[in-house]
Structures are given as C-alpha cells and as structure tokens.
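**Student:** next comes the sequence, and after it the predicted model I'd like to discuss.
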Amino acid sequence: MEDTPLFYLGIDPSQRYQPYVFAALDVNMHIQAIGNGPLREVLAFLAGLGSACVAINGPQMVNQGLMDADEDTHRLFSVPVSERGDLRKVEFLLLQEGIRVNRTPAIESECMVWVRRGFKLFKRIQKLGYHPYPEDDRRHFVEAPAEAVFSRLIGGNALFDELSLEGRLQRQLILYEQGVAVKDAMNFFEEVTRFRLIKGILPTDDIYQPGELNAIGCAYLAWMMHHKPEKVHTLGDKREGEIFLPIKQEEMPRFRF
C-alpha cells in the first residue's frame, strides 16, 4: 500500500450495556478518541474520517458449514463432530490454541444479540465506503477478535476474564508494553493501601473498562497491519471471513522497567 491510514480504529460491539465501544489511535499510538454509543454515532464518526483502518471485535457472518464440509480438516484434527459444534473454521482453530472464543451459529437468529449487532456494523460500514482489507488504500476494515489479539501478544498465554479487575489490569499492561499510549497499570498497586482496601475504595480511574480495552487492542492490531506487517497474519477461510492477528510469539515480550 502506498499510503498508511491517518487513524487506526478498534470497535467492540460485545459489551452488554454499551452497544458499541470505539477507540482511535494515531500513527504514534496515541489515543485520539474513545467512547461508546449507538450504531448511528459510531457510523457518524467513521464517516468523518478520510483515511482509516478499522478492526472489529466480532464475526463478519454466520458460519457457512465449512467445518462439516471440510473432510481434510476433520482428518487433520481428528475431532468428533459432537465436539466441534456449530462454529466457523477460524473459531475452531482458535479453540485449538486454547483461546476463548464465541462460536458463531449458521443461523443468524440463533446468534447472540451482540453478534448480530456486529453483523449490522460490518454491513453498514461498507455503505460508508469502507472495504475489506486490502481492497482500498484509504478506508478498509478487518475482523480481529480482541481476546485472540491479547493472547497472541503474550505468546498464547492464558488471559484473566476480561470483566474482572485483574483481567483489565492485564490487558492494559499488555497494551502499555507494546508502546500504546495508555497509563502503566502497575501504578494501580502503588496506590492501593490497607485503608482503601478495607473501605472498598480502589484506584481504578486510570484503568480502562473491558470494552474500551478490547477496542484499543483492536486499534493496535490495525496499527500493526501497517507498521509491523511482518508480525501480522491471517487465519481462517475467506468464505466465512478471515481474521487478522499478531503472529504468535514464542516468548513473553521484553518488558520495560
């Protein structure tokens, strides 16, 4: 690609009480915008961007039955049909890595509400002139499951639950170590005192919420696609929607002190 986008966006439709959460990074990985709201507000924000790469934390479409149709995959993994379930091939591959993923049914009405919101986002974003990567140099989008992005960044190690405090601290630390301009989550522990713990007062103001962390993680993946393309690859089948992920690291990243 001749030009790199001006903004790198992550959008998370998976939060129960916040239909869509979004975050935008600039070329220096500084957060330029972060927020949540209904689809119309997210689309209005996207419409105003002349150049952007958008990574969405959700499936693009229902599964197309490839897991049942692909006999080679069955032989390769030797997993009984009863254990594979109703899911996309890419989800099966991530489960094989030990990554927690949601299984996408073949019938849209059977999908969870947030998954259907994601389907709507993928459809509407294309009407704004965004295209599947790499079809367009200025405005494009990809699917990037946040859980898998974070897991890959730490070598495939297990993640704490995203809704828990330790899960939020862990994900913010991962982003910080990658150079994203978020506050060092380790500062949280410096501010915890006996008194605060007894009173149930925790210094969480500088720790992002789960949906925000997912959105920032996806935005960072979009940034990697253009600035560290050798560290990103695709997974899955185009007939069901490929995903973009960091290449799995064999070792933990070298942390900053």
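**Tutor:** Sure thing, it's come through.
**Student:** quick one: the helices in the stretch 1-150 of the chain?
**Tutor:** 39-47, 66-69, 71-77, 81-84, 89-96, 113-127, 146-153 (DSSP state H, counting those that start in this stretch).
**Student:** winner for burial among those?
**Tutor:** Each of the helices of the stretch 1-150 of the chain was scored by mean neighbour count; the highest is helix 146-153, a mean of 24, by mean count of other C-beta atoms under 10 Å. The way it works is simple: take the backbone N, C-alpha and C, and place the C-beta from them, glycine included.
**Student:** can you add mean pLDDT and distance to residue 219 and give the helices of the stretch 1-150 of the chain back as a markdown table?
**Tutor:** As requested, those are arranged in a markdown table below (pLDDT from 0 to 100; distance: least, C-beta to C-beta, whole Å):
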| stretch | mean pLDDT | distance to residue 219 |
| --- | --- | --- |
| helix 39-47 | 95 | 13 |
| helix 66-69 | 80 | 29 |
| helix 71-77 | 50 | 32 |
| helix 81-84 | 51 | 32 |
| helix 89-96 | 93 | 20 |
| helix 113-127 | 96 | 15 |
| helix 146-153 | 96 | 10 |
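**Student:** hang on, residue 234 is in a strand, isn't it?
**Tutor:** Yes - assignment of residue 234 by DSSP: H, G, I helix; E, B strand; the rest coil places it within a strand.
**Student:** how about the contacts made by the residue nearest to residue 107 when sequence neighbours are not counted?
**Tutor:** The spatial neighbour of residue 107 that comes closest, neighbours along the chain excluded (C-beta to C-beta, 6 or more residues apart in numbering), is residue 62 at 6.5 Å. When contacts are counted by C-beta atoms under 8 Å, 6 or more residues apart in numbering, residue 62 is found next to 104-108, 111, 119.
**Student:** what's the distance between residue 62 and residue 199?
**Tutor:** Remark: distance between residue 62 and residue 199 (C-beta to C-beta, to the nearest Å) = 48 Å.
**Student:** what's the answer for residue 98, then?
**Tutor:** Relative to residue 199, residue 98 is positioned 38 Å away (C-beta to C-beta).
**Student:** ditto for residue 211
**Tutor:** Applying C-beta to C-beta to residue 211 and residue 199 gives a distance of 27 Å.
**Student:** the more surrounded of the two?
**Tutor:** residue 211 (27 against 9; other C-beta atoms under 10 Å).
**Student:** low-scoring stretches of the protein, by residue?
**Tutor:** Regions of the chain meeting the criterion pLDDT under 70 cover residues 1-3, 17, 70-84, 249-257.
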